[in-house]
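1. below are the sequence and a predicted model; questions follow.
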Amino acid sequence: MSEVLARYDLDRVTIATLASHSSLQIFHGAKLEGFGTVAIVPRDRLWFYEQFRHLIDHFIVLNNWRELCSPDVVRKLQSLNAILVPHGSYVEYVGLDCAEGIELPIFGLRGLFRVESDQWAKMDLLRRAGIPIPRLFSVGDDVDGPVIVKLPGAKGGRGYFIARSGEEVARGVEERVKEGLVKTPKDAIVQEYLIGVPVYIHYFHSPILGRVEILGADIRYETNIDGLRRLTPDIIVEMGLKPTFVVVGNIPLVLRESLLPRVLDYGIRFVEETRRSLPPGVIGPFSLEGVIDDEANIRIFEFSGRIVAGTNLYVYGSPYSYLYWGEPMSMGRRIAREIRMAIEKDELNRVVT
Amino acid sequence: MSEVLARYDLDRVTIATLASHSSLQIFHGAKLEGFGTVAIVPRDRLWFYEQFRHLIDHFIVLNNWRELCSPDVVRKLQSLNAILVPHGSYVEYVGLDCAEGIELPIFGLRGLFRVESDQWAKMDLLRRAGIPIPRLFSVGDDVDGPVIVKLPGAKGGRGYFIARSGEEVARGVEERVKEGLVKTPKDAIVQEYLIGVPVYIHYFHSPILGRVEILGADIRYETNIDGLRRLTPDIIVEMGLKPTFVVVGNIPLVLRESLLPRVLDYGIRFVEETRRSLPPGVIGPFSLEGVIDDEANIRIFEFSGRIVAGTNLYVYGSPYSYLYWGEPMSMGRRIAREIRMAIEKDELNRVVT
Amino acid sequence: MSEVLARYDLDRVTIATLASHSSLQIFHGAKLEGFGTVAIVPRDRLWFYEQFRHLIDHFIVLNNWRELCSPDVVRKLQSLNAILVPHGSYVEYVGLDCAEGIELPIFGLRGLFRVESDQWAKMDLLRRAGIPIPRLFSVGDDVDGPVIVKLPGAKGGRGYFIARSGEEVARGVEERVKEGLVKTPKDAIVQEYLIGVPVYIHYFHSPILGRVEILGADIRYETNIDGLRRLTPDIIVEMGLKPTFVVVGNIPLVLRESLLPRVLDYGIRFVEETRRSLPPGVIGPFSLEGVIDDEANIRIFEFSGRIVAGTNLYVYGSPYSYLYWGEPMSMGRRIAREIRMAIEKDELNRVVT
């Protein structure tokens, strides 16, 4: 992207993102750091984002997300000196080819998108990093004890299910293929179901400061599983209710301070492994998603190489970000701060790919 | 109330509320916006509110809540140029007739109190607004699948119960009548039990700015249901423990950003329907309470036309209020800010009824 | 400690604590109030705390926690004019004798450590304070209804279990002795299992201002119990999964305002009883941990005489602390503020023991 960047007026850089997921926080943070902002927004959501006109300087209206990579849109964004911030829904919305190939400077590691689209490659990256992960199986393998089956293309937790035997795995996959929820069951990943509590940890890798920050943690609020607990077991069993895991919100969490050194160690390992295998390595926000058991072991079952929606809890800063920064520092603002620092040091090429 | 208001010294307006529910936040917000404050407080809680003397300029001490509408108290409040902020416990504490008839300017829509006292009228208002609601039944109807029975006069979730058949509904109502928990079972509302996760969304309608703001969201913390999850199913079943739904606290929540356009749309529909059927329509805080299912449908099973206790989470502002206001903006402060703006524009009559 | 304190340069007081539990918040708050800070840190965690060098002025590196009481370390701390802030892990880490006997001014009530190490003495203190507690039993007693068995020396909730009969109690204790989890089963306390929801309330007793403040509340996030709710009852039963209660994090909570007078009353009773039986009584942070049932009764099953980890949620202040202070006031900062006020009034001896 160095060519595109070379034509940018660095005094007039704008921060652009798809209007969804964590975009309000990204716009908000960008304004606090003095940047202009660009909302790339589907026509039917425009009215909503216009409520936040004080946070958004430019609207680029699309008929559908895929138009992001059309020459007109890209040219418009380049003319606004836009740096694109890819959030958790970016690849899902625009597709992998556009996400990866777009001719705009991206704040983050472009090369990670392809890894993230393959559950097996993701787990392999974690393993190479030396981060503990659950045991893995394929559809068809014999399994003992509960597993969670993650079907490719099943969005937002839909199509995830728990099984207790190889037979249950196969049956569950078959059902979901029939329902049209998934297309390529052979790419499914079957993970040991970890007994413990889930945690979602928000990190930021700063190439400019040369450090990894823990900026927050959350718990997901998932339908219908978090509602089922409101029903007595007899009702759940009698009605044959099956748990689903579709994320609709997030709840704040702090972790025991004695866990934080390990948590930070995992974050650093993640950065180092991406540096080795996908140079220059992850830039800015990422998330490790794990389960803590009652021996205080933390195993990571998933990661995201971009800003996760749980950070929306901390628009006014998190308990952790306040420790580092002493001012309200959301992940959105942290991104803008990194870009600001990079521009001031004339090192923008170190934070975009 | 225009007559009472005409005698007010608008340079010396005070904010008054019943000392309970969300009053500390209301006082706190009022002080930040430069208002004097009046706590209307039962004698036995006076010692507690005196801990917050820095937030409260005047105490009006009652022997019981019903004294609010006594001529002395009303006269005293008028002499303090008081605007009364009705919170979620207001009608319950002082009774509908006093609540509705009190000769004081009320920040909010007085005409909504009567609707709120009738579960059927409430659901009808939501339906007319075009907001999706659960299916409704009466006691005696045949029901298929689980329902939640809401008995009138059963406070704070006591007397709510889940049933799976018309027979179970009838039996549960009968039991609660015997226990003296309810008096008029025929007014009970029986709602389809929505499978999904509950969310409570805090809105603010600003007549002065002509907009609806999403100011926060929460989950309720209910006894004993949120404790039962700490017991294994076999213990719950064996002990015959029955879930109860008495709200004792609130937990913060943010929603997926992609849900927010729909959430705001519902809020706007609510405002518009109250404008049509109860002009001038809802003013200031209100809440929609719904369930999100795993297809991301949101159905609303309840509303409040006043400030809800979940806003107590956000005395220092919520992730959403910060996006709108860029400073710590609680619901209590937002109320005071609206009154302040109305006074400055000489439009106070647009925000009180 | 008056002798040690007499040699201190009160213009150069530092705040020292063990680098764990809630230490980042304590350092952070101390800096905001203008104090130097001292991290007492095991060698293997030094790298982690060095990330927060901006909050920590001095590192005292230990090979193990017990070295805290070695003459060299104590002398070093005295030379830094250090006031030691004991947090929730202090006694567990350094042992009761060192904790109690260390020749440093401690912010808090030194005499409470011994009481806290004895479950029976703790419950007795609460009872004498007039605070409602659960019914208590010993191992070997007949019990009716569920009880929770708390084994001495079982750390972080490990070894706690629920039983429904005297026989189950005996069997559970025996198992855990075999596993080496506990050594002195006869000191176990068996408490009535309270049906309702758990709450953890953070208080601060200010000798300088002569008041008790409610500074926050939280819910604990415990493995594996908070994870089991994600599994359907049939799976839990079939797999024979047993709930464990190891705290790994905390979730924010606000309580219904109508509960706060009782909550504050309990806090005041606690302070008064410690004044009577352990003069000068508790100083600074303490916590009452209880269950609220569906009649809104609150019974307290546990207390801590020091800062609890749940306060880590509120590094930027809690909904409650903001009401008292009108600025971001964490428990860590509140401690430093109290010390600052004490120094300014020349009353430091009233807040250290």
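-> Nice, thanks for sending it over.
2. next, the buried residues of stretch A:30-43.
-> When neighbours are counted by 16 or more other Cβ atoms under 10 Å in any protein chain shown, the buried residues of stretch A:30-43 are found to be A:30-33, A:35-42. Placement of C-beta: from N, CA and C, glycine included.
3. could you give the mean pLDDT of that stretch?
-> Across stretch A:30-43, the average pLDDT comes to 98.
4. quote the end-to-end distance of it.
-> The distance separating the two terminal residues of stretch A:30-43, taken as Cα to Cα, to the nearest Å, comes to 23 Å.
5. need the buried residues of stretch A:30-43 in JSON lines with distance to C:Arg75 and secondary structure, can you?
-> Supplementary listing: the buried residues of stretch A:30-43 in JSON lines, determined by distance: Cβ to Cβ, whole Å; DSSP: H, G, I helix; E, B strand; the rest coil:
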{"residue": "A:Ala30", "distance to C:Arg75": "52", "secondary structure": "helix"}
{"residue": "A:Lys31", "distance to C:Arg75": "52", "secondary structure": "helix"}
{"residue": "A:Leu32", "distance to C:Arg75": "47", "secondary structure": "helix"}
{"residue": "A:Glu33", "distance to C:Arg75": "47", "secondary structure": "coil"}
{"residue": "A:Phe35", "distance to C:Arg75": "52", "secondary structure": "coil"}
{"residue": "A:Gly36", "distance to C:Arg75": "58", "secondary structure": "strand"}
{"residue": "A:Thr37", "distance to C:Arg75": "56", "secondary structure": "strand"}
{"residue": "A:Val38", "distance to C:Arg75": "60", "secondary structure": "strand"}
{"residue": "A:Ala39", "distance to C:Arg75": "61", "secondary structure": "strand"}
{"residue": "A:Ile40", "distance to C:Arg75": "63", "secondary structure": "strand"}
{"residue": "A:Val41", "distance to C:Arg75": "64", "secondary structure": "strand"}
{"residue": "A:Pro42", "distance to C:Arg75": "68", "secondary structure": "strand"}
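6. could those residues go into CSV alongside distance to chain B?
-> As requested, the buried residues of stretch A:30-43 are exported to CSV (distance: Cβ to the nearest Cβ, whole Å):
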residue, distance to chain B
A:Ala30, 13
A:Lys31, 9
A:Leu32, 8
A:Glu33, 13
A:Phe35, 15
A:Gly36, 17
A:Thr37, 13
A:Val38, 17
A:Ala39, 12
A:Ile40, 14
A:Val41, 10
A:Pro42, 10
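7. residues of the stretch 251-353 of chain A that sit close to chain B?
-> A:251-252, A:309, A:312-316, A:328 (Cβ under 8 Å from any Cβ of the partner chain).
8. which of these tops the neighbour count?
-> Neighbour counts for those, by other Cβ atoms under 10 Å in any protein chain shown, peak at A:Tyr314, which reaches 30 neighbours.
9. hmm, A:Met331 and that residue touching each other?
-> Yes: with contacts counted by Cβ atoms under 8 Å, A:Tyr314 reaches A:Met331, the gap being 6.9 Å.
10. and for those two, which residues touch both?
-> Where contact means Cβ atoms under 8 Å, 6 or more residues apart in numbering or on different chains, the residues bridging A:Tyr314 and A:Met331 through contact with each are A:202, A:215-216, A:321.
11. and these, which are buried?
-> Among the shared contacts of A:Tyr314 and A:Met331, those buried by neighbour count (16+ other Cβ under 10 Å) are A:202, A:215-216, A:321.
12. possible to save the shared contacts of A:Tyr314 and A:Met331 as CSV with secondary structure?
-> Putting these into CSV (DSSP: H, G, I helix; E, B strand; the rest coil) gives the following:
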residue, secondary structure
A:His202, strand
A:Leu215, strand
A:Gly216, strand
A:Ser321, helix
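13. out of the residues you listed, which comes closest to C:Asp57?
-> Distances from the shared contacts of A:Tyr314 and A:Met331 to C:Asp57 were compared by Cβ to Cβ; the smallest belongs to A:Ser321, at 21.9 Å.
14. and that closest one, what pLDDT?
-> 98.
15. got the contact list for it?
-> When the contact criterion is Cβ under 8 Å, 6+ apart, the partners of A:Ser321 are A:213, A:215-216, A:314, A:328-331, A:334.
16. out of those, which are inside helices?
-> Helix and strand membership here follows DSSP state H; of the contacts of A:Ser321, those in helices are A:331, A:334.
17. run a quick neighbour tally on A:Arg171.
-> Residues near A:Arg171, counting by other Cβ under 10 Å, number 13.
18. give the helix, strand or coil label for it.
-> At A:Arg171 the chain is in helix, as set by three-state DSSP.
19. list the beta-bridge partners for the nearest residue to it once chain neighbours are set aside.
-> Of all residues beyond its chain neighbours, the one nearest A:Arg171 is A:Ala163 (8.0 Å), with distances taken as Cβ to Cβ, 6 or more residues apart in numbering or on different chains. Going by DSSP bridges, A:Ala163 is paired in beta bridges with A:Val147.
20. residue ranges with poor pLDDT in the stretch 101-250 of chain A?
-> Scanning the stretch 101-250 of chain A for pLDDT under 70 picks out A:153-158.
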